[in-house]
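1. Okay, predicted coordinates and the sequence, questions at the end:
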Amino acid sequence: MANETNHIEKSWIEKVPNKGWLAISIIAALIFWTILSYIPATARSFPNVFLVVESIQIMIERGVFFKDIQSSLISVTAGFGLGFTFALPVAILMAWYRPVQYIIEPWIQFVRNIPPLAYVPLVVISAGVGRTPQIIVITIATFLIMSITIYQGVKNIDPTLVKAARVLGAGDKDIFLRVIAPASLPFIITAVRLGTAVALTSLIAAESTGASAGLGMRIRALNNTFESSPMLLYIIIIGIIGLILDKLVRMLEGKLTGWQEKNEG
């Protein structure tokens, strides 16, 4: 009887399309948001959805809305790109050469535990204010997470595959291109996903370096003037950008690692 009930419930759940579940999720979030907007303790922090939507026009009229989005996307893209460019070879070298691992990995682990806000002042002292320190902060944050993720992926490759390739006469270059790269690709994609998320979560810290525009900088400015509606709007925009980037990475993952078996749960 219990199995029959579970089967009925499962059949009902499976009949609802993914877009239907997405709609249900959005409606539930809006209801919860509306409830928060009426509770006295949370009403100022969570103004109702209409006020937040109206704040789009307010920020456009101030001439900062699109400028802030563009500025943040430039910093995030540049910082992530540099972080990945540095992380990939460093991770491979750490996994391939033990002395490199012993020298570099402890410092990556050490700095990884330090919040970006802690070293922002040092970056500003060295690089000044403006776009450059923003990119440096995001580069550091993304490099740390991506290098460790890629390193773990390369390190966990079955050594039997490498030994077999060597027995067949493959050199380091062939082993890397034909064994290491394909086997570590899923970990590289995971590193990219984590890197994009870290790039966005470090935006507030990055744009506290004297930025004149940007989503993180504007949130801090709106916080100083207690304008909660546009502040919540900007927080939501950062989340939306994150979802879009994650979706793009998932699409890339599907194209590059379609040969892998995936468990849908």
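-> On my side now, so go ahead. Numbering: from 1, shown residues only.

2. I240: neighbour count?
-> 10 (other C-beta atoms under 10 Å). Backbone N, C-alpha and C define where each C-beta goes, glycine included.

3. What's the separation between it and K247?
-> 11 Å (C-beta to C-beta, to the nearest Å).

4. Below-threshold pLDDT in this protein: ranges please.
-> Counting by pLDDT under 70, the ranges of the chain that qualify are 1-12, 162, 165, 168-174, 257-265.

5. Return the set of buried residues in stretch 62-76.
-> Neighbour counts over stretch 62-76 (16 or more other C-beta atoms under 10 Å) mark 64-65, 68-69, 71-72, 75-76 as buried.

6. Repeat that for stretch 233-242.
-> So for stretch 233-242, counting by 16+ other C-beta under 10 Å, buried means 233-234, 237-238, 241-242.

7. can you check stretch 175-193 too?
-> Buried, per 16+ other C-beta under 10 Å, within stretch 175-193: 175-176, 179-180, 183-185, 187-193.

8. repeat for stretch 193-202
-> Quick answer for stretch 193-202 (16+ other C-beta under 10 Å): 193-200, 202.

9. Nearest to T225, out of the buried residues of stretch 62-76: which one, please.
-> For T225, the nearest member of these is V64. The distance, counting by C-beta to C-beta, is 13.1 Å.

10. Please tell me I have it right and the closest one contacts R218.
-> Yes - assessed by C-beta atoms under 8 Å, V64 is found in contact with R218 at 6.5 Å.

11. closest to Q134 among the buried residues of stretch 175-193?
-> Minimum distance to Q134 across the buried residues of stretch 175-193 is 20.3 Å, recorded for V192 (C-beta to C-beta).

12. who are the neighbours in contact with the closest one?
-> By C-beta atoms under 8 Å, 6 or more residues apart in numbering, the contact set of V192 is 84, 146, 249, 252.

13. secondary structure class for the second one?
-> With DSSP: H, G, I helix; E, B strand; the rest coil as the basis, the three-state label of M146 is helix.

14. quick one: contacts of stretch 15-32?
-> By C-beta under 8 Å, 6+ apart, the residues outside stretch 15-32 that reach it are V49.

15. Extract the CA atoms of that stretch and return them as PDB.
-> This file holds the C-alpha atoms of stretch 15-32, laid out as PDB (Å, rounded to 0.1, in the frame of the first residue of the first chain):
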ATOM      1  CA  LYS A  15       3.700  15.000 -14.700                       C
ATOM      2  CA  VAL A  16       4.500  18.600 -13.800                       C
ATOM      3  CA  PRO A  17       7.000  20.000 -16.300                       C
ATOM      4  CA  ASN A  18      10.100  21.800 -15.200                       C
ATOM      5  CA  LYS A  19       8.700  25.200 -16.200                       C
ATOM      6  CA  GLY A  20       5.700  24.400 -14.100                       C
ATOM      7  CA  TRP A  21       7.900  23.800 -11.000                       C
ATOM      8  CA  LEU A  22       9.800  27.000 -11.800                       C
ATOM      9  CA  ALA A  23       6.500  28.900 -11.900                       C
ATOM     10  CA  ILE A  24       5.400  27.400  -8.600                       C
ATOM     11  CA  SER A  25       8.800  28.300  -7.000                       C
ATOM     12  CA  ILE A  26       8.500  31.900  -8.200                       C
ATOM     13  CA  ILE A  27       5.000  32.200  -6.900                       C
ATOM     14  CA  ALA A  28       6.000  30.800  -3.500                       C
ATOM     15  CA  ALA A  29       8.900  33.200  -3.300                       C
ATOM     16  CA  LEU A  30       6.700  36.200  -4.200                       C
ATOM     17  CA  ILE A  31       4.100  35.100  -1.500                       C
ATOM     18  CA  PHE A  32       6.900  34.800   1.100                       C
END
